[in-house]
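Colleague: Sequence unavailable; structure follows:
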């Protein structure tokens, strides 16, 4: 009897997992379809917030924001400014062609131990909405916690 109940539970779990995966695939497809084209230059990001989670003291603080120019003209990023000296952004200096992808790099200084952080990077561009704010957040472990 226990074997039958266990088997039934596994079948139900398998069906639920399968349905969840199908739903996830549908959402991703819908997201791709909703990328509206704009007149002029535009920016659509995969995500506008990067959550570092909990990271070790002095670990690699580099992350990337990936975007696509969803406009019909080249996108030009004229500046990228971190909200403080602990957040250093990099950006493409050359124009991003319509439909092309680009990357905004950001490096957070993880030597600031034992504290949660939320910082921003502000982009200035020639897009229809010229200023775009991206966010990073997370928590850096204390130096002692990172050693264990």
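Modeller: Nice, I can see it. Everything numeric in this text was worked out from a predicted model, so none of it was measured. Numbering: from 1, shown residues only.
Colleague: alpha carbons only for contacts and neighbour counts from here, please
Modeller: Fine.
Colleague: what's residue 84 sitting at in phi/psi?
Modeller: phi -160, psi 180 (degrees, to the nearest 10).
Colleague: That one: neighbouring residues, count only.
Modeller: By other C-alpha atoms under 10 Å, the residues close to residue 84 number 11.
Colleague: element containing the closest residue to it other than its chain neighbours, please.
Modeller: The shortest distance from residue 84 to any non-neighbouring residue, by C-alpha to C-alpha, 6 or more residues apart in numbering, is to residue 119 (7.6 Å). According to DSSP states H and E, residue 119 maps onto strand 115-125.
Colleague: got the buried residues for that strand?
Modeller: 119-125 (16 or more other C-alpha atoms under 10 Å).
Colleague: So what's the gap between that strand and the chain middle?
Modeller: 12 Å (C-alpha atoms, centre = their mean, to the nearest Å).
Colleague: Which elements pack onto that strand?
Modeller: strand 77-82, strand 87-90, strand 131-140 (3 or more C-alpha pairs under 8 Å, 6 or more residues apart in numbering; DSSP states H and E).
Colleague: quick one: contacts of the first one?
Modeller: Translated: strand 77-82. For strand 77-82, contacts defined as C-alpha atoms under 8 Å, 6 or more residues apart in numbering pick out 88-93, 95, 119-126.
Colleague: ok, so of the residues you listed, who is nearest residue 51?
Modeller: residue 119 (10.6 Å; C-alpha to C-alpha).
Colleague: quick one, what contacts that closest one?
Modeller: 82-84, 87, 135-137.
Colleague: isn't residue 132 right up against residue 126?
Modeller: No: with contact defined as C-alpha atoms under 8 Å, residue 132 does not reach residue 126; the gap is 10.8 Å.
Colleague: Pairing partners for the residue nearest to residue 84 in the sheet, please.
Modeller: residue 136 (DSSP bridges).
Colleague: Tell me the confidence at the spatially closest residue to residue 36 that is not a sequence neighbour?
Modeller: In this structure, residue 36 finds its nearest non-sequential neighbour in residue 70, 7.0 Å apart by C-alpha to C-alpha, 6+ apart. Predicted confidence (pLDDT) for residue 70: 95.
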